[in-house]
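Peer 1: From the sequence below, what's the structure:
(chains A and B)
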There are 2 protein chains.
Amino acid sequence: MKKETIKIGLLGLGTVGSGVYQILTQNSKDIERKLGAKIEIKRIAVRNLAKPRALVTDQKLLTDNLDHVLLDPEIDIVVETMGGLEEARWAIASALERGKFVVTANKDLMAQYGIELLKIAKEQERNIYYEASVGGGIPIIRPLKNCLAANRIVKIMGIINGTTNYILTKMSCENMEFEAALAEAQAKGFAEANPASDIEGWDAAYKLNIMASLAFSSRIKMDDIHVEGITEVKLRDIRYAQELGYAIKLLAIGEEKQNGLSLRVHPTLIPQSHPLAAVKNEFNAVFLEGDAVGEVMLYGRGAGALPTGSAVCGDIMEAARAIKKEVQNGILEATFTEKPIISLAAQSSRFYVRLKAKDEPGVFAQLAAAFGNADVSLDRIIQKRSVEKTAEIVLVTHDVKEGNFMQAISSLRAMEAIRSINSILRVVE
Amino acid sequence: MKKETIKIGLLGLGTVGSGVYQILTQNSKDIERKLGAKIEIKRIAVRNLAKPRALVTDQKLLTDNLDHVLLDPEIDIVVETMGGLEEARWAIASALERGKFVVTANKDLMAQYGIELLKIAKEQERNIYYEASVGGGIPIIRPLKNCLAANRIVKIMGIINGTTNYILTKMSCENMEFEAALAEAQAKGFAEANPASDIEGWDAAYKLNIMASLAFSSRIKMDDIHVEGITEVKLRDIRYAQELGYAIKLLAIGEEKQNGLSLRVHPTLIPQSHPLAAVKNEFNAVFLEGDAVGEVMLYGRGAGALPTGSAVCGDIMEAARAIKKEVQNGILEATFTEKPIISLAAQSSRFYVRLKAKDEPGVFAQLAAAFGNADVSLDRIIQKRSVEKTAEIVLVTHDVKEGNFMQAISSLRAMEAIRSINSILRVVE
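Peer 2: Residues are numbered from 1 along each chain as shown, chains lettered A, B, ... in the order given. Down below sits the predicted model:
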């Protein structure tokens, strides 16, 4: 089939959908030359037909009935940018069952129903492209599926939530506390009115699920991921971290170890010399380690109409090539295994602790004994001049078992001389 | 055709060839699972059969006759890692004409004969994969061809030569002069005994040719690229650059402007806050600007057996998928246009100048007049306390026409009060 025009149907015309429309319109000549075929937007399904839309001048393109896209036999590719879970799941399954290729930017959906949908695609000899679901315009999914496919991926560490990275950057560079930085992020449009999914780490966890499934070829459930957000990170901790040579970032970390996978999202101290430490503001980056390639980092804008639209349009072009060539596009990413998950308690980590203790003789010895008895060795200690008979102490442990560390913390909590344990954060070297 | 085994023939078993052999052997199970087919190395052509090879235990695999690979009808993919120009060009053309897919890591070849070879591939309905020709294991070619395909690429800036980046890092971080840093790079295996192609900028220019051809979809000749190496960069300039807030890097820069393409490789001052400034030692990175995606950076190891082997093996897997699906793999990258090239003289740039002048009244006024008369405005000036009646002066200009700047430099050279013009470097903000 040498199609001269590939017709697409858009589900949704919000931020990402508008970006897609704009890119396909403004770069149509180049896209046609590169593909050897024209991309035509045949229909756009929107929730509210009455809403005025500056971008789309041809009102006939719009419909508020999803079936006008899904049932149109002329439409080759369905592009889902409407978001949400159940309706999108149904729409994508319907599109695949009608022999259409699918492009989606929906991370929640791919994290939760991706494997189910990829299975349907495989049965239908079609494919789902989802580059835009992680890291906006940054090439991540395709490098994992293709360029790095011959590697055993050992580790992924990503700054994959722009909101939290913006907040942590503001805290670090402009001496703001979390609440003030969040307010500024909201004012500038980098955080939503309800920022829970971002600041509590869930957005990053969805994206980690998608990346790690692919990197480790394993089915991952959301429950397999340990998730902590940044709401408890204090400016004080950022300052101490700097003094110790670290930056604090919300990292999504996936590792394949001998006995299984470790999957977690949490605020993390990383050395200032690490390439991820230089990723500022709303930028995203994914740092990978492969057994052959070594260290690779992919960096760029993780959100926004045009960056995310760029990834969606790249996927549309790949689907168009598949259609032009009548490729039965093998669903490579459906060949998942099921690897065991290693709980955090069973793992080792370095820890950062900030606490307040009575400034009395013998207190530090008690504290050191609590760590020593639990077999937790200390790497670095900062104690500043005490205020009102209270000393603030910051400790960084060596790599220790999480269980042992928590046992030491329990002993500390029971000690009369310890006034408070203010922060516990993990350190990655 | 549902092939269960894809057979490859390797041309060359040097650094990259050995890396490919090692990865395909050690990750064979994962690769088979991902592909749904086995990759078998059927034959390896080497120059010297007598040379002992620890890696390949089965002597029957080896041959010193290229035809044993090229003429074997069972071989589906020819992997060229032998390097050089004419023999490789002939071998690849022969392989394509016999209906084989080709994977190559040969940058000199792709820069000089890439378009010719891609044309043959298109005629034969085959493809050439060359991810490994730029940036070792870093995904660059495929992101340009696929993920970012819907973008108009505005600018590429790359640190794509590990040797020169290692040398500049040593100079900058360990206060070494060029010669000492080169000697250390050679001792550590980061520079060859004959380092000319690296330090004079040619290696970077070949890679820029390949990237820019793809990014701007335009045929580029090596003559279109302005090439300067790093042999004239002095430690003094690196120190002054640091004082002004810049790092000095050998950048390969391609830009599409209204009236054509600007293509150049030269040592460049970039702000210390730019992501490229943090790329240290032998690491490579490519920084791209697309009209939709904004800024993207791809970072990793640009050379070495396993990183480069990783890219070659990723390409082998893509070729294998194409074969398994009987795809007539459209030669997207053969749809090149021919865009005009803008000479450096016709362009604007910011310049850094270091010179020595007599420390006498009126000299600075003369100097300023020379710039002013040529319509070159100065942005920043450093003058340190003079030694033996000679003042060292460092100037950074605003964005000025290269022709005007050179006219100012000519006037300076004619001035009796100017003792020497020691360095002229370009600045990119």
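
Peer 1: you'd agree A:Arg354 is up against A:Arg236?
Peer 2: Yes. Counting by CB atoms under 8 Å, A:Arg354 touches A:Arg236, with 6.8 Å between them. For every residue, glycine as well, the C-beta is placed using N, CA and C.

Peer 1: the more surrounded of those two?
Peer 2: Using other CB atoms under 10 Å in any protein chain shown as the criterion, A:Arg354 and A:Arg236 rank with A:Arg354 on top: 20 against 14.

Peer 1: my guess is A:Ala181 contacts A:Cys173, does it?
Peer 2: No. Between A:Ala181 and A:Cys173 there is no contact under CB under 8 Å: 10.0 Å.

Peer 1: Looking at those two, which one has more neighbours?
Peer 2: A:Ala181 (25 against 12).

Peer 1: Next, the contact list for the residue lying closest to that one once chain neighbours are set aside, please.
Peer 2: Excluding the flanking residues, the one nearest A:Ala181 by CB to CB, 6 or more residues apart in numbering or on different chains is A:Lys170, at 3.9 Å. A:Lys170 makes contact with A:Met176, A:Ala180, A:Ala181, A:Glu184, A:Ala185, according to CB atoms under 8 Å, 6 or more residues apart in numbering or on different chains.

Peer 1: and if you look at A:Leu13?
Peer 2: So A:Leu13 contacts A:Tyr21, A:Ile44, A:Val46, A:Arg53, A:Leu55, A:Val56, A:Leu62, A:Thr81 (CB under 8 Å, 6+ apart).

Peer 1: May I see those residues arranged in a markdown table, with secondary structure, neighbour count and distance to B:Gln258 as well?
Peer 2: A markdown table is the format used below for those (DSSP: H, G, I helix; E, B strand; the rest coil; neighbours: other CB atoms under 10 Å in any protein chain shown; distance: CB to CB, whole Å):
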| residue | secondary structure | neighbour count | distance to B:Gln258 |
| --- | --- | --- | --- |
| A:Tyr21 | helix | 23 | 26 |
| A:Ile44 | strand | 25 | 33 |
| A:Val46 | coil | 20 | 36 |
| A:Arg53 | coil | 16 | 31 |
| A:Leu55 | coil | 12 | 26 |
| A:Val56 | coil | 18 | 29 |
| A:Leu62 | strand | 18 | 35 |
| A:Thr81 | coil | 26 | 32 |
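
Peer 1: any idea which of those is closest to chain B?
Peer 2: A:Tyr21 (11.7 Å; CB to the nearest CB).

Peer 1: And the helices in the stretch 251-400 of chain A?
Peer 2: A:305-324, A:363-373 (DSSP state H, counting those that start in this stretch).

Peer 1: In the shortest one, which residues are buried?
Peer 2: It refers to helix A:363-373. A:Val363, A:Phe364, A:Gln366, A:Leu367, A:Ala370, A:Phe371 (16 or more other CB atoms under 10 Å in any protein chain shown).

Peer 1: which one of the residues you listed sits closest to chain B?
Peer 2: Closest to chain B, out of all of the buried residues of helix A:363-373 and judged by CB to the nearest CB, is A:Phe371, at 35.3 Å.

Peer 1: so how far is A:Leu355 from the closest one?
Peer 2: Remark: distance between A:Phe371 and A:Leu355 (CB to CB, to the nearest Å) = 12 Å.

Peer 1: Common neighbours of the two, please.
Peer 2: Common neighbours of A:Phe371 and A:Leu355, using CB under 8 Å, 6+ apart, are A:Leu395.

Peer 1: what does the stretch 151-300 of chain A have sitting close to chain B?
Peer 2: Residues of the stretch 151-300 of chain A lying close to chain B (CB under 8 Å from any CB of the partner chain) are A:151-152, A:217, A:275, A:278, A:290-300.

Peer 1: Could you list the domains of chain A?
Peer 2: Using automatic domain parsing, the domain ranges for chain A come out as A:5-136+A:305-334, A:141-301, A:345-427.

Peer 1: Include mean pLDDT and distance to B:Ala408 when you put those domains into JSON lines, please.
Peer 2: As requested, these are arranged in JSON lines below (pLDDT from 0 to 100; distance: least, CB to CB, whole Å):
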{"stretch": "domain A:5-136+A:305-334", "mean pLDDT": "91", "distance to B:Ala408": "39"}
{"stretch": "domain A:141-301", "mean pLDDT": "94", "distance to B:Ala408": "36"}
{"stretch": "domain A:345-427", "mean pLDDT": "91", "distance to B:Ala408": "53"}
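
Peer 1: Out of the contacts of A:Lys170, which comes closest to chain B?
Peer 2: A:Ala185 (18.6 Å).

Peer 1: What's the first helix or strand after the strand or helix carrying that closest one?
Peer 2: According to DSSP states H and E, A:Ala185 maps onto helix A:178-187. Downstream of helix A:178-187, the next assigned helix or strand under DSSP H and E is helix A:196-199.

Peer 1: Which of the residues in that following helix are classified as buried?
Peer 2: Applying 16+ other CB under 10 Å to helix A:196-199 flags A:Ser197, A:Asp198, A:Ile199 as buried.

Peer 1: elements contacting it?
Peer 2: helix A:162-174 (3 or more CB pairs under 8 Å, 6 or more residues apart in numbering or on different chains; DSSP states H and E).

Peer 1: Okay, buried residues for the helix it packs on please.
Peer 2: A:Gly162, A:Thr163, A:Thr164, A:Asn165, A:Tyr166, A:Ile167, A:Leu168, A:Thr169, A:Lys170, A:Met171, A:Ser172.

Peer 1: And the closest residue to A:Gly314 other than its chain neighbours, how close does it get to B:Gly294?
Peer 2: Spatial nearest neighbour of A:Gly314, excluding adjacent residues (CB to CB, 6+ apart): B:Cys147 at 4.5 Å. When CB to CB is the yardstick, B:Cys147 and B:Gly294 sit 13 Å from each other.

Peer 1: What is the neighbour count of the spatially closest residue to A:Asn373 that is not a sequence neighbour?
Peer 2: Leaving aside its chain neighbours, A:Asn373 sits nearest to A:Ser411 (7.0 Å; criterion: CB to CB, 6+ apart). A:Ser411 has 17 neighbours, counted by other CB under 10 Å.

Peer 1: for the one 3 residues further on, same thing?
Peer 2: When counting by other CB under 10 Å, one arrives at 9 neighbours for A:Ala414.

Peer 1: One more: the one 4 residues further on?
Peer 2: Other residues near A:Ile418 number 20, with proximity taken as other CB under 10 Å.
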